[in-house]
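>>> Below is the sequence, then the predicted model.
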Amino acid sequence: MDQSTVENLLRGVLNVQWQGLVMIAVGLLLVWLAIAKEYEPLLLLPIGAGCILANLPVSMMVGEHGMLTVFYDVGVGNELFPLLIFIGIGAMTDFGPLLENPKMVLLGAAGQFGIFLTLILAILLGFDRNEAASIGIIGAIDGPTSIYVSGKLAPNLLGPITVAAYSYMSLVPIIMPPIMRLLTTKHERTIRMPYSQREISQRTRIIFPIAVTILVGILVPFALPLIGSLMLGNLMRESKVVERLTGAAQNEMNNVVTLFLGLAIGSTMVGEDFIQLQTLFILVLGLIAFCLDTATGVLFGKLMNVVSRGKFNPLIGAAGISAFPMAARVVQREVSREDDGNFVLMHAMGANAAGQVASAVAGGVLLALMGTY
């Protein structure tokens, strides 16, 4: 056995690096969170697995023809996977509560202000404009939009931004309540809002995704890929004539794409690139963006409370972020914490559906502001 054969046999051991070991530990942590805590398991588990596979020494999974590299090139580098997931989200989303109460769209818009405030803060910390915009979009708590925007503006930051976005999505029930309690009084949290369910015709439900696509396509063309995909899925759902396609978008396609997307994102978390001070900044700024979006949503809810002369529960404003439908459920839980007979879930679902649309539009606005497409 010559020396080269021995080196080949020991290549894995000889190429172990401390950065790789740290990232393998990070990957194991993500897998543990997915399995033991059930924090966004559908995505955190493949991301963790992709991270481990990419950081093993001399990994063949991330080479020129490696499987993870192929997944990245096929679906992340060209933003295909986030758009396919948006079709699935649209097929699962009921915009009925928003159509019953259209003023909730204002809360969806208010829930995006933190994105732009964080963008300014990131620029002050030394990130360039594209990187700052990509970090700010974490505040939307919308994983596919974060991947889409950062993939176009700052692909070098795709790994930490995606991990931050999905990690904070899983922490919505923990991060939002203290902010909601801090900004509201007990009296405001106990305001009851009667809900009279109004029948929304199928014609209206079909016209809605078509109208939104055309309107946003004209006003914010940079948001068209996101909105168009979301509304295509919703049109299939509401038309009720393509049940098989709707079911496939909700289940098979969404599940397969989520697996490939998670593995591809995990493969970007290579130790030498990921372990940097800026990764810590991104995680902190992403948290700030999330908190600011929640706060501005609640504060706008307080404004609506004043305008309605005390008849609007400000907590509903917190559902204006994306994170559908988790944010709406957290609002209902906080309201029930003060008064278990108070039912505001459908109002919150309307604001939450508006946040889903608004986050995609905000992503398009950022792309327009940065002049990148």
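In hand now; what should we look at? Note that the coordinates shown come from a computational prediction; the quantities given were computed from them, not determined experimentally.
>>> I figured F127 was touching G136, is that so?
No - the criterion here is CB atoms under 8 Å, and F127 misses it with G136 at 9.8 Å. (Each C-beta comes from the backbone N, C-alpha and C, glycine too.)
>>> The two - which one has more neighbours?
Counted by other CB atoms under 10 Å, F127 and G136 do not tie: G136 has more neighbours, with 31 against 22.
>>> what sits against that one?
G136 makes contacts with G114, I115, F116, L117, T118, L119, A122, L285, A289, L366, as judged by CB atoms under 8 Å, 6 or more residues apart in numbering.
>>> Grab the nearest non-local neighbour of the last one.
Closest residue in space to L366, ignoring its immediate chain neighbours: A133 at 4.5 Å, by CB to CB, 6 or more residues apart in numbering.
>>> which parts of the helix or strand where that neighbour lies are buried?
Using DSSP states H and E, A133 sits in helix 129-136. Residues of helix 129-136 classed as buried: R129, N130, E131, A132, A133, S134, I135, G136 (neighbour count, 16 or more other CB atoms under 10 Å).
>>> got it, and stretch 65-83?
By 16+ other CB under 10 Å, the buried positions in stretch 65-83 come out as G66, M67, L68, T69, F71, Y72, G75, V76, E79, F81, P82, L83.
>>> list the contacts for L53?
Residues counted as contacts of L53 (CB under 8 Å, 6+ apart) are S59, M61, V62, L68, L263, G266, S267.
>>> Looking at it now. What's its pLDDT?
Per-residue pLDDT puts L53 at 94.
>>> Then I161?
Value for I161, per-residue pLDDT: 89.
>>> quick revisit: from the contacts of L53, which ones fall inside helices?
Members of the contacts of L53 lying in helices (criterion: DSSP state H): L68, L263, G266, S267.
>>> Give the rounded mean pLDDT of the helix holding A133.
In the prediction, helix 129-136 has an average pLDDT of 90.
>>> I'd like to know which helix or strand in the chain has the lowest mean pLDDT.
The weakest-scoring helix or strand in the chain, judged by mean pLDDT, DSSP states H and E, is helix 3-9 (a mean of 77).
>>> Next up, the contacts around the nearest residue to P325 once chain neighbours are set aside.
Closest residue to P325 apart from its sequence neighbours, by CB to CB, 6+ apart: N352 at 5.8 Å. Residues in contact with N352 (CB under 8 Å, 6+ apart) are A319, G320, I321, S322, A323, F324, P325, A327, A328.
>>> and the residues you listed, which two are the farthest apart?
Farthest-apart pair in the contacts of N352 is G320 and P325; separation 13.0 Å (CB to CB).
>>> Low-confidence stretches in the chain?
Low-confidence segments of the chain, defined by pLDDT under 70, are located at 1, 196, 371-373.
>>> In it, which residue is most central in space?
D142 (1.6 Å; CA atoms, centre = their mean).
>>> what sits against G143?
L43, P82, I85, T162, A165, Y166, M169.
>>> same thing but 6 Å
A165, Y166 (CB atoms under 6 Å, 6 or more residues apart in numbering).
>>> switch to numbering from 131
Fine by me, first position is 131 from now on; the one you just mentioned is G273.
>>> which helices and strands sit right next to the longest helix seen in the chain?
Determined from DSSP H, the single longest helix within the chain is helix 407-437. Applying 3 or more CB pairs under 6 Å, 6 or more residues apart in numbering; DSSP states H and E, one finds that helix 407-437 contacts helix 235-240, helix 243-254, helix 259-266, helix 288-300, helix 302-312.
>>> Counting neighbours, which bits of that helix end up buried?
Using 16+ other CB under 10 Å as the test for burial, helix 407-437 gives 408-409, 411-413, 415-428, 430-432, 434-435.
>>> ok, now how distant is the closest residue to L413 other than its chain neighbours from L287?
In space, and not counting its chain neighbours, L413 is closest to A294: 5.2 Å by CB to CB, 6+ apart. Counting by CB to CB, to the nearest Å, the separation of A294 from L287 is 10 Å.
>>> What of G193?
Distance from G193 to L287, counting by CB to CB: 23 Å.
>>> Show me which of the two is the more surrounded one.
Using other CB under 10 Å, the more surrounded residue of G193 and L287 is L287, with 22 against 11.
>>> residue contacts, that one?
E261, S264, S280.
>>> Now stretch 455-466: buried residues?
P455, M456, A457, A458, R459, V460, V461, Q462, E464, V465.
>>> whoops, I mixed them up, stretch 168-179
Buried residues in stretch 168-179 (16+ other CB under 10 Å): Y169, E170, P171, L173, L174, L175, P176, I177, G178, A179.
>>> What distance do you get for the residue nearest to T424 when sequence neighbours are not counted to N260?
The shortest distance from T424 to any non-neighbouring residue, by CB to CB, 6+ apart, is to I309 (4.8 Å). The spacing between I309 and N260, counted by CB to CB, is 29 Å.
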